[in-house]
Structures are given as structure tokens and as C-alpha cells.
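> after the sequence you'll find the predicted model.
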Amino acid sequence: MYPSAPPAPRRDFISVTLSLDQSYDGSKSRQRRSCWRKWKQLSRLQRNAVLFLLAFMVLCGLLSCISVADPWKAPNDRSAEEEKVRPAKPPALPAPRKADANPENAPGPLVQTPRRRFRWRPPNLQIRAPNKDSENGRQEGAESRDEAADEAQREADPQGALASWRGAVIEPEVGTKVPWRRAVAPTGIQKHPAPPNSRQKAVVDAFRHAWLGYRKFAWGHDELKPVSRSFSEWFGLGLTLIDSLDTMWILGLKKEFGEARRWVSKKLQFQKDVDVNLFESTIRLLGGLLSAYHLSGDALFLQKAEDLGNRLLPAFRTPSKIPYSDVNLGTGVARPPRWTSDSTVAKVTSIQLEFRELSRLTGATKFREAVEEVTKHVHSLSGKKDGLVPMFINVHSGLFTHRGVFTLGARADSYYEYLLKQWIQGGKTDQRLLDDYLEAVDGIRKHLLRRSEPSKLTFVGELAHGRFSAKMDHLVCFLPGTLALGAHHGLPAEHMQLARALMDTCYQMNRQMETGLSPEIAHFNLQPQKSQKDVLVKPADRHNLLRPETVESLFYLYRFTGDRKYQDWGWAILQNFNTYTRVPSGGYSSISNVQDPHDPQPRDKMESFFLGETLKYLYLLFSDDPALLSLDAYVFNTEAHPLPIWGPA
Ligand code: DMJ
């Protein structure tokens, strides 16, 4: 017997689709007939299921086409979603272009068009869309992206640890995150600094008073005008705020630091059509950000520093590689000052500590290479006089100009300072830097050093085409500190003797004025019979800009000698600042006449270096703890921003 007929196959959904597939081999008519037959065999339910499946597949195909190529969108029209997920990493600068007369037509080199990415799902980051009506609309959009990126980072690294604040453990702040490619860990500050003594507290009071004025009348602007209770702009980049960050950290002003940090996070944008001076923005802004990073361990500051460093680099694109004095942060167009194609020697040779450190931290060698090219070039240049350099250098020829004039003051000062400090920063290995420094100190001794009458004060004058001038800028008072630092790092003991002698002179430049504050420029008397005074001041030079150099050197001298007279001298200067320059409503003002205690004539300006340098050095001077920013671990840039001394490679 035949076995009973096999049961009719179950015409479920899968077998239907399979049989439809298999029937595809025959001729078209046979195929159609067999398909139709099979289709008719299906129940109504099965037919509906097949139709539904086909419709679904067609719909999916259509949707994907629409997403991948939206014919209604212009090619560069980035969707809001792409904006939201764009990383906060600063864009790279293109080659500088010729300046456009109309800044509005300036090319937008700083906005990189990101590669299109396609998302099937909405992004996790929910941020506010930029407010187009607000004048800050663009900036707010960028801030939102920053915040979103910060938020994402916090989610990824909720334990993100921070350096302690004067010994206290502090919570990671909003936006704190690990740098994206950090080569070295931040150095931080000692864990348990001694509590501030009464003189240090007086400095903290002074700082708070200065900050009060800045906060009330100039918040986020470059400089406070304390008398008119307003502000002035130089670069429009919150110069005072950035210059003050590390001072606040050192003084333990956590609340103020946190507030300033939030401004940096939310408001500071370097993508701006603004010309900045390469030197000033390097020593104050880049230096300030790098130090703030080292002390706090907060990667926000390093990110900002790298962005700024990238935007400053076009200044180095000159035929000689000697940088232009100015560069536009937004367009990348660099230029010399309007009246010359010369750059100032001090200004091209005192940016090295900062750019070298930026390279070390980011791993990007371009910063170091740019500035070391300048050092190498100046090292081998003719036109020096026993190690002393002229004040100007031409960016086209790369040669010194206005030769024959030598000073340790304005335009040359920090050239000498950075020879020594770069040598220290690099672990005392670069012999050329040391040789240039030692030769220059000998040159100073040989050509510029004299003693005044009647008190025999040792001072550093100037030389112009063989003629000596007994003129000394207050700026030169950095020199005792630098000489002492060199002696501390093993250079000849005579450097320390000279440092002490010059320190006495700098103090006398303050002491002999009726206000006890130094004039901008002093002239020294060389002829005993003509005057009883050693320090003479011309009417045009009687101003005091709240400069740091005297107290800077007092700090070094006290650190290395322990002689308390240096602290007492600094204390007198602080009191004089309080008596003659403090503005009751907040802030301190530069003054026009240090010789008139009844009317010192406030000039209505508080320079950023008063907070960045002057008050910081006073605070450190009054400390008896040599481990507080140890001079074996840190080297201060010329704006008083401490940077770590590199260990052995
Ligand atoms: C600061 O900006 C720096 O110290 C610079 O080296 C010289 N001038 C001022 C302070 O006087």
C-alpha cells in the first residue's frame, strides 16, 4: 500500500516567500503563471502579510534615500544635530591671507566644515540652540557646545580628579576633564602650604580690593579704569582676568578663581577679528593659562592655551622667521607695527618659555620649533657688543637695526632674562643659552655699570653710539632677581654680589621719592659737586604704573639670602601702594607723579600686571616657606607665571 498521501505543505509566510524565490528560474510566463497560482492558494491573511512586508521594505528604502541626500539642503548647510555634536576642539589655522578692507568680508578660515555624519537616532546631548537675536548668538552657540562636550566628558569620567586647593580636596568643577592628549601631568602646588601670615593677609586684602573694582566695573574686559569706574580694552580678551588666575590660586582665593574659571569656560573666545601683540598675549594670556593649568590641573586652561598658541603661530611666517609684532587671532594675518618692519628684540626673544612649554604639554613640536628658530638666529647674529643686543630686528632681513644703542630697559630687558630662564627650564643643558647669558652679564659690567654720587649706588645705564647715559628704567629692576636666580643655579658668586648691589639701588629708586614709589625712569647723579641726590627724575618720567620689577627682585633676594630687610622693603612698598594708588570704590590706579604725595594724580588705569605680577611677588616675598613655588621646581615667565622646570628627559 501506498502510504497515505502526504499532507499538504503548510503555506506559512516563510514557505511562501521561499517558493516565490525558487520559481524565478523558469521562463517569464511560466513564472508569472506559477506565481499567480501560488498567490491564489494563499489565505487572505497570508496575502495581507506579504503585502504589508513589501510595503514596509519600500518605505524603508525611500526614507534612507531622503536622509543621505537631502536635495533641499545646500551642500554646506550643517544640520542642528551636527552642530550639537561637533567637538569643542579648536580648529586649525590656514595660511594667513591678505587682509580684507572690510572685516565682515574676511574669509572664515577658523570655521572648519566638519565632515558630514549621519545619525539614525537623535544625539544624546541636548543643548540650547544659539540665540540668533542676541549679539552674542554665535558665541553662546559655541559655549553651549563647550558645555555639551564638558558634560559628555563628565559622563565618561565621573571620577575626574583635581589637584587639591591649598591642601583641601575639591570637587571636580563643571567642565573639568582630562586633556585630550597631554604629554605630562600638571605639576600642581604643594599639598599643605603654611597658612598666610599677617603680611600675606594684607596682600590678599589688596588683591580682593583690586578684584572688587575689576569685578564691579570691568568684568571680562581687559583693564579696569578704577577712577571712572569703567574699563579699557586692548585685545578684548579679559586680560586682567587671565593674568590673575594663578595669583588667585596661589593666594587661596577659591571663590574668585571659580568665578573667573567660569568666565574662561563660557565667554573666552579667541576666534575674534582682533590684532594682538604677539609678546604681550604670549606672556600674559598664554603664560597665564599655562600656569593656571599647572596649578589647578584643569584641562580647560590647556585647551584654551593650545587654541591661542595656534592662532599666534602665523606671526612667525616671515622671510627671516623672526615674528611680526602683531597677529590677527581671527584671520591669521600678521603684520609689523604701522610705522616700521622692525620687531623689538625683547619681544621676539621672550616668548620662548611659553611656546616651549606648550609643545611639551601638547606634544605638538611646531610651537617649540617656531621660537627656537628665533633663539638660534639671534644667537648667531652680528651686531652685539660683548653679548649686549640692539633693540630692534628686521623681520625681512633678520638683521639688527638701529645698532649701537644698548639698554637693559624697555625693548631689550627680557632678552637677557629669557636666556637664563630657558636654560633653567630645559634642565641646564643648552650651552648656547648659558654662554650668551654669561657673555651678556660681562657686557653689562663692562659697558653699562656705574656708581652714583654721593651714595655710590650701583646702577645700570645705557649706551648710545659710544656715549653713556646715566638713565635707568624701573624695568631694569628685574635684573637683581635674575642675577640672583642664576647664582642660585650655580653661576658665579659675583652675580649674587651684583644682584645685592642693584637691589639696594632699586629700593632707593622707590625710597627717595616722596611717595616711596619708583618713577618709571630714574637718572643717576654722577657728579658729587652738583647735587646731593643720587636719584633724579625728569617731569616726563614721574609716573608709576604699579609695575612689579622691584618687588619681583625682592622676592628672589629674600628667597636666596633669607635677609629680612628685603621683606621689610617690600612691606613699605605695599603700604605706599595702599596710600597713594588705592581707589576707595575698588581697584588701584597708576599715578602720574611719584614726587607729590598730596596729589599723585591718578591716571585711572590698573594694569593687568598689578594682579598678575606685583601682588603675586609681594605674597611670595612675605612667605617664609621656600617650598611655596620652589625655585628649583618652577621658573617664572616675565609676567610672573610659574612654569615647571623640566626634569631630565
Ligand atoms: C610686564 O608685562 C612684564 O613684566 C614685562 O616683561 C615688562 N613689562 C611688564 C611689567 O612692568
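Cool, got the structure.
> who's in contact with Arg284?
Leu239, Ile242, Asp243, Ser608, Phe609, Gly612, Glu639 (CB atoms under 8 Å, 6 or more residues apart in numbering). For every residue, glycine as well, the C-beta is placed using N, CA and C.
> TSV for those residues, including secondary structure?
Listed next are the contacts of Arg284 as TSV, based on DSSP: H, G, I helix; E, B strand; the rest coil:
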residue	secondary structure
Leu239	helix
Ile242	helix
Asp243	helix
Ser608	helix
Phe609	helix
Gly612	helix
Glu639	coil
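> out of these, which are buried?
Neighbour-count burial (16 or more other CB atoms under 10 Å) is assigned, among the contacts of Arg284, to Leu239, Ile242, Asp243, Ser608, Phe609, Gly612, Glu639.
> tell me who's in contact with the residue in the stretch 251-400 of the chain positioned nearest to the ligand.
Scanning the stretch 251-400 of the chain for proximity to the ligand using CB to the nearest ligand atom identifies Ile283 as nearest, at 6.0 Å. Contact partners of Ile283, counting by CB under 8 Å, 6+ apart, are Ser350, Ile351, Glu354, Asn637, Thr638, Glu639, His641.
> any chance you could map the helices in the stretch 251-400 of the chain?
With DSSP state H, counting those that start in this stretch as the criterion, the stretch 251-400 of the chain has helices at 254-266, 278-280, 287-296, 299-312, 345-348, 352-362, 366-379.
> between those helices, which gets nearest to Lys471?
Lys471 lies closest, by CB to CB, to one member of those: helix 345-348, at 17.0 Å.
> returning to that earlier point: could I get the contacts of Arg284 as CSV with pLDDT?
Output for the contacts of Arg284, formatted as CSV (pLDDT from 0 to 100):
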residue, pLDDT
Leu239, 98
Ile242, 99
Asp243, 99
Ser608, 99
Phe609, 99
Gly612, 99
Glu639, 99
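> out of the residues you listed, flag the one nearest to Gly258.
Top of the list for closeness to Gly258, among these and by CB to CB, is Ile242 at 14.9 Å.
> now do the same contact list for that closest one.
Contacts here follow CB under 8 Å, 6+ apart; on that basis Ile242 touches Val264, Leu268, Arg284, Leu285, Gly288, Leu289, Ala292.
> how about Tyr324: what's its closest non-neighbour residue?
Ala334 (4.1 Å; CB to CB, 6 or more residues apart in numbering).
> tell me the bridge partners for the one you found.
With DSSP bridges as the criterion, Ala334 is bridged to Val327.
> now the contacts of Arg284 in CSV, with distance to the ligand?
Compiled in CSV, the contacts of Arg284 are given as follows (distance: CB to the nearest ligand atom, whole Å):
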residue, distance to the ligand
Leu239, 10
Ile242, 13
Asp243, 9
Ser608, 8
Phe609, 4
Gly612, 8
Glu639, 5
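> and of the residues you listed, the nearest to Glu462?
Using CB to CB, Phe609 comes nearest to Glu462 of these, at 23.1 Å.
> just to revisit the earlier point, farthest pair within the buried ones among the contacts of Arg284?
By the measure CB to CB, Ile242 and Phe609 form the most distant pair in the buried ones among the contacts of Arg284, at 11.9 Å.
> who touches stretch 204-212?
By CB under 8 Å, 6+ apart, stretch 204-212 touches 196, 224, 244, 247-248, 251-253, 256, 574, 577-578, 582, 586-588, 606, 610-611, 615, 618-619.
> out of the residues you listed, which end up buried?
Taking 16+ other CB under 10 Å as the criterion, what is buried in these is 196, 224, 244, 247-248, 251-253, 256, 574, 577, 582, 586-588, 606, 610-611, 615, 618-619.
> among those residues, name the ones in strands.
Leu224 (DSSP state E).
> narrow the buried ones among the contacts of stretch 204-212 to those in helices?
Per DSSP state H, helices hold the following members of these: Ser244, Thr247, Met248, Leu251, Glu256, Leu574, Phe577, Leu615, Leu618, Tyr619.
> tell me which residues touch the residue in the stretch 301-450 of the chain positioned nearest to the ligand, please.
At 4.7 Å from the ligand, Ser414 is the closest residue in the stretch 301-450 of the chain, using CB to the nearest ligand atom. Neighbour list for Ser414: Ala346, Thr349, Ser350, Phe478, Thr638 [criterion: CB under 8 Å, 6+ apart].
> find me the pLDDT at Gln595, would you?
Per-residue confidence at Gln595 stands at 98 (pLDDT).
> residues contacting the spatially closest residue to it that is not a sequence neighbour?
Spatial nearest neighbour of Gln595, chain neighbours left out: Glu514 (5.0 Å); criterion: CB to CB, 6+ apart. Taking CB under 8 Å, 6+ apart, we find Glu514 in contact with Val594, Gln595, Asp596, Pro597.
> again, only this time at 7 Å
Neighbour list for Glu514: Gln595, Asp596, Pro597 [criterion: CB atoms under 7 Å, 6 or more residues apart in numbering].
> distance-wise, check His488 relative to Ser228.
Going from His488 to Ser228 by CB to CB, to the nearest Å gives 44 Å.
> which one (most neighbours) among the contacts of Ile242?
In terms of neighbours by other CB atoms under 10 Å, those top out with Gly288 at 31 neighbours.
> now do the contacts for that one.
Counting by CB under 7 Å, 6+ apart, Gly288 has contacts Ile242, Asp243, Leu245, Asp246, Gly612, His641.
> the ligand contacts on the stretch 301-450 of the chain?
Contact residues, the stretch 301-450 of the chain versus the ligand (CB under 6 Å from any ligand atom): Ser414.
> what do you get if the cut-off is 8 Å, keeping everything else the same?
Within the stretch 301-450 of the chain, the positions near the ligand by CB under 8 Å from any ligand atom are Ala346, Ser350, Asp413, Ser414, Glu417.
> and the second one, how far from Leu498?
To tie it back to what came earlier, the one meant is Ser350. Computed with CB to CB, the distance linking Ser350 and Leu498 is 21 Å.
> and Leu643, that's in a strand?
Yes: using three-state DSSP, the assignment for Leu643 is a strand.
> pairing partners for it in the sheet, please.
Val635.
> the residue most central in space within the chain and Asn637, how far apart?
Nearest residue to the geometric centre of the chain (CA atoms, centre = their mean): Leu286, 1.9 Å. From Leu286 over to Asn637 the distance is 9 Å, taken as CB to CB.
> common neighbours of those two, please.
Shared contacts of Leu286 and Asn637, defined by CB under 7 Å, 6+ apart, are found at Glu354.
> what about the helices in the stretch 451-600 of the chain?
Counting by DSSP H, counting those that start in this stretch, the stretch 451-600 of the chain has these helices, from start to end: 479-488, 493-511, 549-561, 564-580.
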